[in-house]
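Asker: what's the 3D shape of this:
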Amino acid sequence: MKNLSILFILALLVSSCKTESNKPTRDGYLITGNAPGVYNGIRAYLKVADARGRQIPMDTAIVMNEKFVFEGKLEDPNMHFITVDNVIGTKQLILDNGDDVIIDVNKTNIANSELKGSGSTVLFNQFNLDYQDAKKDLVNLNNRIRLAKQKKDDSKVKELTAEMTKKDLDLKEMGYKFIDEHPNSIVSLILLDRQTASRDLNPDRFMQSYNNLDDELKNSFKGKALNQKVTAIVETLKRNEALNIGKPAPTFTAPDTNGNQLALNDAKGKVTIIDFWASWCGPCRRENPNVVKVYNKYHDKGLEIIGVSLDRPGQKERWLKAIQDDKLTWKHVSNLQYFNDPVAKLYNISSIPATYILDENGTIVAKNLRGPALETKIAELLN
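Answerer: Residues are numbered from 1 along each chain as shown. As a prediction, this is how the structure comes out:
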């Protein structure tokens, strides 16, 4: 009986040692790839995006016996990408120290591979699956709307369109909802960063989610970088909002062709065109004859134009020659600072030609009209 007790205690000790040895002892990450059907010697890559969004390999592994392994330590959690030679696609995953990730490689397209593991990777993978399902629902609804239109079933079209509008709003809200529910997850930070690429970014909703993030997350390296990006984007969005039709045009003062300061308010008429152009801009020069025609036709009725040139530093003579050659007899200003011109930055000019049309009160009534559309609008305002 005594011997049995000793054996029992020894068994417990052995069991205890085994349990302890199975606990993670890494302070880095481990990615195990299962790659059925992928030949020995094929390379797999773990990549990270650089500042320009390019995927740069940070580690390489060799497939042996249909498996490969990445192991290392990160300074900060971040989005990573796995690719395998001769396998189409890229698999995204969020990687953090302590993560133990398994990827079952889909040889047809690695983007369809299954990810298993802990923490951030699982959360991110599940969000992507839910997001893709929501996008498929929208595609299916769009197909059903097209079919209903072919059958001229107006009531069905109306019903499906309303459903599609709601689902589209739900899709846009999906990322924000996840972020609000996981304020301390690196996944939230990455999804918020992804939102910055949206063309219809809602700055108020964006800032609401950003401000709800955990302070530790916002103070991380990636959090601080996102804060800088967020600040720049919100400032641009606010400037764009201030330039919407119906808003008062931002006022400015800039050097004219003689170096004297000319203010927008001193150049306005019943209708005013602010024309952003440059001597080096081919499309601008080709549009100038049309602007000249409109000016000559409507100047006596109250049309004024102020040309804002984005010519480069040291090229004043080219600017003046272009004015003379193209017979641009209206008022002109330029700081000769290319796209860094303060007036161009005030009006968020990223390409030229660009125009703003103001009424007699200085309110923006139209933007970026050229050719016949420009004359039609001026005629509407002055006839």
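Asker: quick one: distance of the helix or strand where residue 364 lies to the chain centre.
Answerer: With the criterion set as DSSP states H and E, the secondary-structure element containing residue 364 is strand 364-367. When distances are taken as CA atoms, centre = their mean, to the nearest Å, strand 364-367 is centred 26 Å away from the chain's centroid.
Asker: ok, residue 42 - contacts?
Answerer: Listed by CB atoms under 8 Å, 6 or more residues apart in numbering, the contact partners of residue 42 are 35, 62, 63, 84, 85, 86. All C-beta spots, glycine's among them, are computed from the backbone N, C-alpha and C.
Asker: what's the burial count for the last one?
Answerer: By the other CB atoms under 10 Å criterion, the neighbourhood of residue 86 contains 9 residues.
Asker: which residue packs closest to it, ignoring adjacent ones?
Answerer: Across the structure, with CB to CB, 6 or more residues apart in numbering as the measure, the residue nearest residue 86 apart from its sequence neighbours is residue 42 (6.2 Å).
Asker: list phi and psi for that neighbour.
Answerer: Backbone dihedrals for residue 42, given as degrees, to the nearest 10, come out at phi -70, psi 140.
Asker: ok, which pair from the contacts of residue 42 is furthest apart?
Answerer: Largest separation among the contacts of residue 42 by CB to CB: 62 and 86, giving 13.4 Å.
Asker: pLDDT weak spots in the protein?
Answerer: 1-26, 119 (pLDDT under 70).
Asker: so where do the helices sit in it?
Answerer: With helices called from DSSP state H, the chain shows them at 2-21, 120-150, 154-181, 186-195, 203-212, 215-218, 221-242, 282-298, 316-325, 342-346, 372-382.
Asker: the fifth one packs against which elements?
Answerer: Other elements packing on helix 203-212 under the criterion 3 or more CB pairs under 8 Å, 6 or more residues apart in numbering; DSSP states H and E are helix 154-181, helix 186-195, helix 221-242.
Asker: recalculate using a threshold of 10 Å.
Answerer: When contacts are defined as 3 or more CB pairs under 10 Å, 6 or more residues apart in numbering; DSSP states H and E, helix 203-212 packs onto helix 154-181, helix 186-195, helix 215-218, helix 221-242.
Asker: return the set of buried residues in it.
Answerer: Buried residues in helix 203-212, counted by 16 or more other CB atoms under 10 Å: 203, 206, 209, 210.
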